[in-house]
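Participant: Turn this into a model:
(one chain, ligands or ions: 1)
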Amino acid sequence: MLDITKELLLTKYNINKEVFDLSEKALNDVEAQFKIYDSIREYNQYKVLDAFQKERISDSHFTNSSGYGYGDIGRDSLDLVYARVLGAEAALVRPHFVNGTHAIGTALFGNLRPNDTLLAISGKPYDTLHNIIGIDTDEKIGSLKEYGVKYKQIDLTPEFKFDLEKIKAELLGDSTIRVVHIQRSTGYGWRNSFTVDQLGEIISYVKSIRNDVLVFVDNCYGEFIDTKEPTEVGADLIAGSLIKNIGGGIAPTGGYIAGKKEYVEQAAYRLTVPGIGGECGSTFGVMRQLFQGLFLAPHVAMEAVKGAVYCARLMELAGFEVLPKYTDKRSDIIQAIKFNDPDKLIQFCKGIQKGSPIDSFVECEPWDMPGYKDQVIMAAGAFIQGSSIELSADAPIRAPYIAYLQGGLTFDHAKIGVLIALSNVLKTK
Ligand SMILES: *Cc1c(COP(=O)(O)O)cnc(C)c1O
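Facilitator: Sure, this is the predicted structure:
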């Protein structure tokens with residue numbers, strides 16, 4: 001770090017000497033890890049570049065269709081580029097998906113029918129899917145449950161492994177199981193994300209018992225963290241958000257679904273209507289951003305991962321328990337830090353907010369968020385509202401007081417955010 005940088009941080013943000021020293025040590029310790037992620041980034045960059053070149057993307061694909069959006073070659077070509085990048089037969093990439101939850105819901109609704117069963121094998125799915133499935137609710141909101149789709153769940157073992165025996169018993173014992181759901185990322189859990197190799201193994205296991213089921217993977221936060229995606233190791237269908245990894249911080253909104261052609265098509269009929277599917281939908285002039293975001297995504301995802309790895313080591317050196325550890329193999333961009341103290345947790349989040357380019361002057365506070373039992377604090381100063389490929393941190397205010405940090409469009413920004421956050425935390429001693 002240049003002396004003038006240190007001076008700037010000292011005078012502007014009051015980062016103390018202790019934190020600087022820990023940071024120097026952390027940077028030194030993470031070097032070998034950064035090399036690994038650099039090589040993954042390079043491979044994925046070429047993979048994306050190759051897909052653009054094979055689809056002969058040109059200026060004319062930055063379309064601005066209106067009305068029905070028939071023959072929008074930008075939209076249709078982006079689907080093909082995504083399919084190539086993800087090693088899938090087909091993809092449906094749309095600004096019309098309002099978020100990742102919508103893309104996941106569309107994939108599930110499109111491929112499940114009354115009396116089918118959805119079987120979740122990585123435990124309870126991400127919070128926002130509960131209403132889609134109808135978990136713990138009988139509200140008349142058009143959930144899968146209300147349409148007669150049954151739901152079963154197999155929790156992970158206490159070691160956070162797939163429960164192979166139970167999975168086998170369910171698959172053999174219940175012929176109505178149509179879709180198997182797996183979540184790659186941790187969500188708000190204290191476990192490691194599943195690597196693509198681990199996903200490949202469990203998918204092969206499921207298929208060896210029943211090859212007539214559709215395996216769906218919630219790929220949120222996972223794109224470009226590995227050299228492969230779940231669709232390359234047997235997943236039939238995946239979905240995710242464009243304001244996380246794969247939008248590269250440039251996509252202004254949207255989601256994607258990718259996988260086997262027939263399943264993507266069924267999902268498309270649900271996104272719009274049967275018979276129309278993905279052939280309609282004007283794109284409001286966002287195609288250039290969606291293409292450019294995808295092009296930048298391998299780089300940006302790794303900036304975020306480096307921020308997470310650095311944060312893991314720094315916070316560990318400062319005496320906090322973290323998951324994953326800085327040397328763990330990662331499969332998403334999330335970093336969990338355990339504070340065992342509500343004040344420290346809140347100060348950490350306030351520090352991230354203070355280091356944001358947008359709304360740095362705002363004090364974030366815990367609040368009663370709809371749909372959550374405990375108060376939640378969220379630090380986010382993003383160019384795109386709610387974008388979590390941008391540096392952000394959030395936490396439910398409950399023991400053991402865990403903060404979930406993710407994102408960072410540049411490593412430098414993630415680093416300064418974490419430095420301010422740790423300084424804040426140490427002041428609460
Ligand atoms: C972010 C996320 C989703 C979808 O969330 P949105 O905020 O609707 O994009 C679903 N599953 C997981 C694991 C996620 O991290």
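
Participant: Alongside the ligand, which residues does the stretch 101-250 of the chain contribute?
Facilitator: With the criterion set to C-beta under 6 Å from any ligand atom, the stretch 101-250 of the chain comes near the ligand through 101, 104, 126, 128, 183, 185, 187, 218, 220-221, 241. For glycine as for every other residue, the C-beta is placed from the backbone atoms N, C-alpha and C.

Participant: From the residues you listed, keep the buried residues only.
Facilitator: 101, 104, 126, 183, 185, 187, 218, 220-221, 241 (16 or more other C-beta atoms under 10 Å).

Participant: who are the neighbours in contact with residue 121?
Facilitator: 154, 162-163, 167, 180-182, 202, 206 (C-beta atoms under 8 Å, 6 or more residues apart in numbering).

Participant: PyMOL command to pick out the buried ones of those?
Facilitator: A single PyMOL command is used to select the members of these judged buried by 16+ other C-beta under 10 Å:
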select buried, resi 154+162+163+167+180+181+182+202+206
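
Participant: Adding secondary structure, write the contacts of residue 121 out as JSON lines.
Facilitator: Converted to JSON lines, the contacts of residue 121 look like this (DSSP: H, G, I helix; E, B strand; the rest coil):
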{"residue": "154", "secondary structure": "coil"}
{"residue": "162", "secondary structure": "coil"}
{"residue": "163", "secondary structure": "coil"}
{"residue": "167", "secondary structure": "helix"}
{"residue": "180", "secondary structure": "strand"}
{"residue": "181", "secondary structure": "strand"}
{"residue": "182", "secondary structure": "strand"}
{"residue": "202", "secondary structure": "helix"}
{"residue": "206", "secondary structure": "helix"}
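
Participant: export the contacts of residue 121 to CSV and tack on distance to residue 246?
Facilitator: Formatted as CSV, those follow (distance: C-beta to C-beta, whole Å):
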residue, distance to residue 246
154, 28
162, 25
163, 30
167, 29
180, 23
181, 20
182, 18
202, 22
206, 25
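
Participant: Max pairwise distance over the contacts of residue 121: which two?
Facilitator: Greatest spatial distance among the contacts of residue 121 (C-beta to C-beta): 163 and 181, at 14.3 Å.

Participant: Can you tell me the SS state at residue 157?
Facilitator: Assignment for residue 157 (three-state DSSP): coil.

Participant: Now it: closest residue in space that isn't a chain neighbour?
Facilitator: residue 163 (5.3 Å; C-beta to C-beta, 6 or more residues apart in numbering).

Participant: OK, contacts around that neighbour?
Facilitator: 121, 154-157.

Participant: and with 10 Å instead?
Facilitator: 121-123, 154-157, 169-170 (C-beta atoms under 10 Å, 6 or more residues apart in numbering).

Participant: Out of those, which comes closest to the ligand?
Facilitator: residue 122 (9.9 Å; C-beta to the nearest ligand atom).

Participant: secondary structure class for the closest one?
Facilitator: Per three-state DSSP, residue 122 ends up coil.

Participant: isn't it right up against residue 181?
Facilitator: Yes: using C-beta atoms under 10 Å, residue 122 is in contact with residue 181, at 7.5 Å.

Participant: what is in contact with those two at once?
Facilitator: With C-beta under 10 Å, 6+ apart, residue 122 and residue 181 have common neighbours 153, 217-218.

Participant: where exactly do the strands run in the stretch 151-300 of the chain?
Facilitator: Ranges of strands in the stretch 151-300 of the chain, per DSSP state E, counting those that start in this stretch, are 177-183, 214-218, 237-241, 255-259.

Participant: Validate this expectation: residue 353 resides in a helix.
Facilitator: Yes: applying three-state DSSP, one finds residue 353 inside a helix.

Participant: for it, what are its contacts?
Facilitator: Residue 353 neighbours (C-beta under 10 Å, 6+ apart): 359-364, 377-381, 391-393, 417, 420-421, 424.

Participant: can you rerun that using 6 Å?
Facilitator: Residue 353 is in contact with 364, 379, counting by C-beta atoms under 6 Å, 6 or more residues apart in numbering.

Participant: so how far is the ligand from it?
Facilitator: 19 Å (C-beta to the nearest ligand atom, to the nearest Å).

Participant: Check what pLDDT that residue gets.
Facilitator: The per-residue pLDDT reported for residue 353 equals 97.

Participant: swap in residue 188?
Facilitator: pLDDT, residue 188: 83.

Participant: Count the neighbours of it for me.
Facilitator: Using other C-beta atoms under 10 Å, residue 188 has 15 neighbouring residues.

Participant: Find the nearest non-adjacent residue to it, please.
Facilitator: residue 404 (6.4 Å).

Participant: Outside of the helix or strand encompassing that neighbour itself, list whatever touches it.
Facilitator: Assigned by DSSP states H and E, residue 404 belongs to strand 402-406. Contact with strand 402-406 is made by 311, 333-338, 345, 348, 388, 393-395, as judged by C-beta under 6 Å, 6+ apart.

Participant: Which residue is the nearest non-sequential neighbour of residue 333?
Facilitator: residue 304 (4.5 Å).

Participant: Wasn't the one you found part of a helix?
Facilitator: Yes: Residue 304 sits within a helix when classified using three-state DSSP.

Participant: if I pick it, what's in contact with it?
Facilitator: By C-beta under 6 Å, 6+ apart, the contact set of residue 304 is 333, 407-408.

Participant: Could you do residue 355 as well?
Facilitator: 416-417, 420.

Participant: still on that earlier bit, let's have the contacts of residue 304 in TSV, adding pLDDT.
Facilitator: Output for the contacts of residue 304, formatted as TSV (pLDDT from 0 to 100):
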residue	pLDDT
333	98
407	96
408	97
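
Participant: Could you break this structure into its assigned domains?
Facilitator: 3-44+295-426, 57-285 (automatic domain parsing).
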